[in-house]
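Colleague: This is a predicted model, with the sequence first.
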Amino acid sequence: MQRVMIIGQPGSGKSTLARTLGGITHLPVVHIDHIHWKAGWVERSGPEKDALCAEVHARERWIFEGGRSVTWPERLDRADTVIWLDIPLWLRLPRVLWRTVRYWGRSRPDLPEGCPDHFSWTFLRWIWNTRRSSRDAMRRLYNSVPPEKAKHRLAGRRDIQHFLTGLRTAAATGNLGISHR
């Protein structure tokens, strides 16, 4: 496990899982929102985002969580592990609302400084409007993972906890297959 690709819809827990995995594996964590946004909620251009993603993909070790689906083929090519957080909408929406309240007026750890959290009807509508199309895209990506790569579809808290327990056990016994360069 050297390069871990985490996908999932908003509120699925990608950032939290990435930070937890980083703590267990000591792999560096990259959040797509640091690539997508500059301070002040200024969106980077598509080519700039693609170039920043390519820089991450070229690294020897990473946990990369998030979207930018146009770069998924390159990320999948480099990843040795793919994790799909396939969490239902009824769990994700309250999480999005809770994190908005929790970080109101402050930048979350997975956002650049200068991007204070706030309520956005536009974002909630986008979550609702893409609930099927986004999930379908992730399912297609997940189903295309070559057999030599590890893949994990985690569909709820129990799946996530079971996965993390197994990972912690493997880490404790030195069986993660991680090179610490």
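Modeller: Looks like it arrived, so ask away.

Colleague: Can you check the pLDDT for the nearest residue to residue 154 once chain neighbours are set aside?
Modeller: What sits nearest to residue 154 in space, not counting adjacent residues and going by C-beta to C-beta, 6 or more residues apart in numbering, is residue 160, at 5.0 Å. Any C-beta I mention is one placed from the backbone N, CA and C, and that applies to glycine too. Residue 160 is assigned a pLDDT of 96 by the prediction.

Colleague: Can you give me the buried ones in the helix or strand harbouring residue 160?
Modeller: Applying DSSP states H and E as the criterion places residue 160 in helix 157-172. Taking 16 or more other C-beta atoms under 10 Å as the neighbour-count basis, helix 157-172 is seen to contain the buried residues 160, 163, 167, 170, 171.

Colleague: Next up, the contacts around the third one.
Modeller: Okay, so that is residue 167. Each residue near residue 167 by C-beta atoms under 8 Å, 6 or more residues apart in numbering is listed here: 21, 24, 25, 176.

Colleague: do the same with the last one
Modeller: Contacts were defined as C-beta under 8 Å, 6+ apart; by that measure residue 171 touches 24, 25.

Colleague: From residue 60, how far off is it?
Modeller: Here the criterion is C-beta to C-beta, to the nearest Å. By it, residue 171 lies 19 Å from residue 60.

Colleague: and the residue most central in space within the chain, what pLDDT?
Modeller: The geometric centre of the chain, computed from its C-alpha atoms, lies nearest to residue 65 (C-alpha atoms, centre = their mean), at 2.3 Å. Among the per-residue scores, residue 65 holds a pLDDT of 96.

Colleague: Phi, psi for it please.
Modeller: phi -110, psi 140 (degrees, to the nearest 10).

Colleague: wouldn't it be in contact with residue 30 here?
Modeller: Yes - under the criterion of C-beta atoms under 8 Å, residue 65 lies in contact with residue 30, with a separation of 7.2 Å.

Colleague: what are the ranges of the helices in this protein?
Modeller: 14-25, 32-36, 46-58, 72-78, 89-102, 121-129, 131-143, 157-172 (DSSP state H).

Colleague: List the buried residues for the first one?
Modeller: By neighbour count on 16+ other C-beta under 10 Å, the buried set for helix 14-25 is 14, 15, 16, 17, 18, 19, 20, 21, 22, 24, 25.

Colleague: can you pull the contacts of the second one?
Modeller: Residues counted as contacts of residue 15 (C-beta under 8 Å, 6+ apart) are 31, 65, 108, 109, 110.

Colleague: Any stretches of this protein with poor pLDDT?
Modeller: Regions of the chain meeting the criterion pLDDT under 70 cover residues 177-181.
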